[in-house]
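1. model the structure of this input:
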Amino acid sequence: MQTVETIENRLFQLAPKAGAMDWDNVGLLVGDPAQAVTRVLVALDITEPVVREAISLGAQLIVAHHPVMNCTWLPVQTLREDTPQGHLLRSLVRSDISAICMHTNLDVASGGVNDALLDALKLVDPGPLAPDGLGRVGTVPDGPLPLGEYAKRVSEQLHCNGVRYADAGIPVHRVAVGGGACAEYAAEARSLGCDTFVTADLKYHDFLNAVPQGINLIDAGHFPTENVVCAVLIKTLQDTFPDLTIQKSTSLEEVIQYDVKGDS
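-> I've put the predicted structure just below:
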């Protein structure tokens, strides 16, 4: 029978801990390394609905991308039932459910978040984006395409509720991708000859500066650009531990909705 520790070790083979940024919190964050595991729930985030789903399924372990706690963002000063963070962590502990989180180490890993995003967008001729391992670049096989057409394709391929984009007036051919919030790599993408950058969490001035920088920007959302890695986690664990029951969470979906302006 597998344990939390053996599963964590396999995930660190996929995404070595050394790849995590120094502010990050990765690996086993809640639970007992020696705990026996027969059922695993995989999700992008560990939320209250995800914990309830794990309880209902009888899972002993949740494997997620985003850390269930990170003291850089939100210091754990108390573990109170009447706070959102405290209630979530107490729910895990009460139910004896462990939590393993693979975050920035999975972003930079070969075969991790950004390779999964590149594959989901069906880009070819892959290459690196940044020296730190974040991001990838690839080519649209049937390009060049008008940006509006390509933005629609991205939305469909990533199952987005919608995308935001800025048009620099350049057809789409060579594309950079950065799962999650990677706005700071737009200039890097342009220097590599990319005409388009697909990422998430872009601000107004990111879009405003895109046109003079000569690069199209597509904000496809944090959830859609990273949720693609869940399939990688499931396959990695299922191939290594065929005796485990591994399921993807059905309770966690994109929370951002769009009110689309209709024709007048």
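2. in the stretch 151-264 of the chain, what residue spans correspond to helices?
-> With DSSP state H, counting those that start in this stretch as the criterion, the stretch 151-264 of the chain has helices at 186-191, 204-213, 222-227, 229-240.
3. of all these, which one comes closest to residue 21?
-> helix 222-227 (15.4 Å; C-beta to C-beta). (Each C-beta comes from the backbone N, C-alpha and C, glycine too.)
4. what's that closest one packed up against?
-> Packing contacts for helix 222-227, counted by 3 or more C-beta pairs under 8 Å, 6 or more residues apart in numbering; DSSP states H and E, involve helix 113-120, strand 174-181, strand 196-200.
5. tell me the angle of the shortest one relative to helix 113-120?
-> Relative orientation of strand 196-200 versus helix 113-120 (axes from the mean of the first three to the mean of the last three C-alpha atoms, to 10 degrees): 120 degrees.
6. follow-up on the earlier one: dump the helices and strands packed on helix 222-227 to JSON lines, plus distance to residue 26.
-> Output for the helices and strands packed on helix 222-227, formatted as JSON lines (distance: least, C-beta to C-beta, whole Å):
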{"stretch": "helix 113-120", "distance to residue 26": "13"}
{"stretch": "strand 174-181", "distance to residue 26": "15"}
{"stretch": "strand 196-200", "distance to residue 26": "20"}
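7. weakest of the helices of the stretch 151-264 of the chain in terms of mean pLDDT?
-> Ranked by mean pLDDT, the helices of the stretch 151-264 of the chain end with helix 204-213 at the bottom, a mean of 91.
8. so which bits of that helix are buried?
-> By neighbour count on 16 or more other C-beta atoms under 10 Å, the buried set for helix 204-213 is 206-207, 209-210, 213.
9. over to stretch 12-24?
-> 12, 14-15, 19-20, 24.
10. equivalent analysis for stretch 61-73, please.
-> Of the residues in stretch 61-73, those buried (16+ other C-beta under 10 Å) are 61-70.
11. which one of these is nearest residue 45?
-> Of those, the one sitting nearest to residue 45 (C-beta to C-beta) turns out to be residue 66, at 4.8 Å.
12. what's the closest of the buried residues of helix 204-213 to residue 91?
-> residue 206 (36.7 Å).
13. quick one: low-confidence ranges for the stretch 51-200 of the chain?
-> The model of the stretch 51-200 of the chain has pLDDT under 70 over residues 71.
14. turn the buried residues of stretch 61-73 into CSV, columns for secondary structure.
-> Putting the buried residues of stretch 61-73 into CSV (DSSP: H, G, I helix; E, B strand; the rest coil) gives the following:
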residue, secondary structure
61, strand
62, strand
63, strand
64, strand
65, coil
66, coil
67, coil
68, coil
69, coil
70, coil
